[in-house]
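In: return a 3D structure for these sequence lines:
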Amino acid sequence: MADTEALACPFSGAVDITTLGNTAHEQNAGLRDAGPATRVALPQGVEAWVVPHYATLRDLLADPRVGKHPSHWTALSEGRVPADWPLINFAVVPGLLTSDGADHRRLRNLLGQAFTPRRVEELRPRVEFLVSGLLDRLAGHPAGHPVDLRPEFCLPLPVQVVCELVGLPGDRWDRMHELSNALVGAGTGPSGPDMGAVQRDAFALLTDLVDLRAREPGDDLTTALIAAREADGSRLGADELVGTLLQLLVAGHETTINLMGNAVRALLTHPEQLELLRSGAVPWSAVTEETLRWDSPVNHFPLRYALEDLEVDGVVIRRGEAVLASFASAGRDGREYGESADVFDLARPAFRHLSFGHGPHFCIGAPLARLETEIALEGLFTRFPDLRLASGDELPRRGGVVSNALTGLPVFLTA
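Out: Presented below is the predicted three-dimensional model:
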């Protein structure tokens, strides 16, 4: 991308994404056909740009002329974003996901120590233990009765792992997931939860966690962040601490739940690919990477902002306008993956995707998500070799802007 003089935008008015198809992938195909960047209408009339192609999105994610701090968003500063906008928390909660430059590097350096490959690998025995327990519990279900793997298997593992990582007591895990689920489901319809109340409740829960760990330190990330704040109070403000914990808890399990569910569905609807795994022709890591490309757990992630007028393949995004990172669309871009873009193929010669982002905001928890997913999938299909869907190939998908996920995953565990 390069700066340019004012070019005329070829689109008149914002596009209603839902008119482009019934599913997220159909809608994204319509966005790719529409052009390199399309202005779309979000809930309550808020507008943003969608960049749906792999190469242009990759460049945008690494472009220093694109920021994440809400002060860059003209519509917000001019009062054109309603206070109860369903996606407001993605824009305004202080922390790692809404910071730029030195502030972002400061927060990332503080958190990065917990997510190094070595530290994540040290979690392997714990993850294996938790997976084994979940599989034992699945085996206890009555034979011949379907089991919904989303709440029974895909959800508990990443919830427990990330909650233990930050030191959240077990009696608060369900409430944390309930609040997190409301946040990522924002914008699914007109009758959604009061997002202001959701944010207040989430901040209250995590403020209590910070108070608890200040009184009772533990071997967890919250305790480490408190220690860093006390060592140098200017390094981590109170709001930043709570906001960062919220972002870690939400991103640290919601996307992994979606990834695991999407991967199970992909394997059960592509038996020839499952056979490649069972024969040892491809490693289990291939399932994670190809699912991240073919059926990304995140559809459109809010928000980034142009710090100056930007040209995206002939379309100008003006300074202060908001941009959605369309990860699910980029993963099926025929310009990047050719005629096989829509094909789930574990034998691809190379796996490339943007589902963990690109550039300075590359997902800090990517190694942990990969570890959890690979251990869980291998354990599930090894323990239950006759696993099959209980309701046909077409499973209901979750609506909304952010998540690309199943609402349920009913299966039969045995023949």
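
In: going forward, measure contacts and count neighbours with C-alpha atoms only.
Out: OK.

In: who's in contact with the residue nearest to the spatial centre of the chain?
Out: Compute the mean C-alpha point of the chain, and by C-alpha atoms, centre = their mean the closest residue is T255, 4.1 Å away. T255 makes contact with 297-298, 403 under the criterion C-alpha atoms under 8 Å, 6 or more residues apart in numbering.

In: and these as a markdown table, adding neighbour count, secondary structure and pLDDT?
Out: Compiled in a markdown table, the contacts of T255 are given as follows (neighbours: other C-alpha atoms under 10 Å; DSSP: H, G, I helix; E, B strand; the rest coil; pLDDT from 0 to 100):
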| residue | neighbour count | secondary structure | pLDDT |
| --- | --- | --- | --- |
| P297 | 28 | coil | 95 |
| V298 | 25 | strand | 95 |
| S403 | 25 | strand | 90 |
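
In: secondary structure class for L277?
Out: With DSSP: H, G, I helix; E, B strand; the rest coil as the basis, L277 sits in helix.

In: please look at it and W284 and confirm they touch.
Out: Yes. Between L277 and W284 there is a contact under C-alpha atoms under 8 Å: 6.6 Å.

In: okay, now the residue nearest to L274 when sequence neighbours are not counted: neighbour count?
Out: Distances taken as C-alpha to C-alpha, 6 or more residues apart in numbering place L267 nearest to L274, at 5.5 Å, with adjacent residues excluded. Other residues lying near L267 total 21 when counted by other C-alpha atoms under 10 Å.

In: what helix or strand does L267 sit in?
Out: Assigned by DSSP states H and E, L267 belongs to helix 238-268.

In: now do the strands in the chain.
Out: Ranges of strands within the chain are 38-41, 47-51, 66-67, 147-148, 300-306, 310-312, 315-317, 322-326, 388-389, 410-412, based on DSSP state E.

In: worst-scoring helix or strand of this structure, pLDDT-wise?
Out: When the helices and strands of the chain are scored by mean pLDDT, DSSP states H and E, helix 221-231 comes last with a mean of 83.

In: gap between it and the chain center?
Out: 26 Å (C-alpha atoms, centre = their mean, to the nearest Å).

In: and stretch 379-393, by the same measure?
Out: 25 Å.

In: just the C-alphas of it, formatted as CSV.
Out: Extracted C-alpha coordinates of stretch 379-393, given in CSV (Å, rounded to 0.1, in the frame of the first residue of the first chain):
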residue,chain,number,x,y,z
GLY,A,379,-6.7,-37.4,22.2
LEU,A,380,-10.3,-37.1,21.1
PHE,A,381,-9.9,-39.0,17.8
THR,A,382,-7.6,-41.6,19.4
ARG,A,383,-9.9,-42.3,22.3
PHE,A,384,-13.1,-42.4,20.1
PRO,A,385,-12.1,-43.8,16.6
ASP,A,386,-15.7,-44.2,15.6
LEU,A,387,-16.6,-40.6,16.4
ARG,A,388,-19.3,-39.2,14.0
LEU,A,389,-21.7,-36.3,13.7
ALA,A,390,-25.1,-36.8,15.1
SER,A,391,-27.0,-34.3,13.0
GLY,A,392,-25.6,-34.2,9.5
ASP,A,393,-22.9,-32.1,7.9
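
In: contacts for it, please.
Out: By C-alpha under 8 Å, 6+ apart, stretch 379-393 touches 131-132, 135, 146, 265, 268-269, 409-415.

In: any of these buried? List them.
Out: For the contacts of stretch 379-393, a burial check counting by 16 or more other C-alpha atoms under 10 Å picks out 131-132, 135, 146, 265, 268-269, 409-413.
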